[in-house]
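Undergrad: One predicted model, sequence on top.
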Amino acid sequence: MQVLVHLPDHLADRFKSTVPKRLRSAFIADLINKAIPEQEDALYQLALDVENDSCISELESDWEVTIGDGFEAR
């Protein structure tokens, strides 16, 4: 798959002067493979924080009283 990415000129110049042409795709793939788990971990941690937030628990409790109130989603 091809992906178009825009980089600042100074960064693109450094990349082109440092990483040989035939290794650039593998270089970028390696960076992405290292970065994605960190992002996934950060999102997971945010989800846990929301789940454990007492204010949100209170809001959920407030909304739970509407269950069975006779209004049906259609």
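TA: Alright, I've got the coordinates.
Undergrad: What part of this structure, helix or strand, is modelled with the least confidence?
TA: One helix or strand of the chain scores below all others by mean pLDDT, DSSP states H and E: helix 54-64, with a mean of 80.
Undergrad: then that one to CSV, C-alphas only?
TA: Output in CSV follows, covering the C-alpha atoms of helix 54-64 (Å, rounded to 0.1, in the frame of the first residue of the first chain):
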residue,chain,number,x,y,z
SER,A,54,-16.1,8.8,40.0
CYS,A,55,-17.8,11.8,38.3
ILE,A,56,-18.6,9.7,35.2
SER,A,57,-19.9,6.9,37.4
GLU,A,58,-22.3,9.4,39.0
LEU,A,59,-23.4,10.5,35.6
GLU,A,60,-24.0,6.9,34.5
SER,A,61,-26.0,6.3,37.7
ASP,A,62,-28.1,9.4,36.9
TRP,A,63,-28.8,8.1,33.4
GLU,A,64,-29.6,4.6,34.6
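Undergrad: Off-centre distance for it?
TA: Computed by CA atoms, centre = their mean, to the nearest Å, the chain-centroid distance of helix 54-64 equals 26 Å.
Undergrad: Check stretch 40-47 too.
TA: 8 Å.
Undergrad: Give me the contact list for it.
TA: Applying CB atoms under 8 Å, 6 or more residues apart in numbering, stretch 40-47 has no contact partners. The way it works is simple: take the backbone N, C-alpha and C, and place the C-beta from them, glycine included.
Undergrad: Alright, I will stop here.
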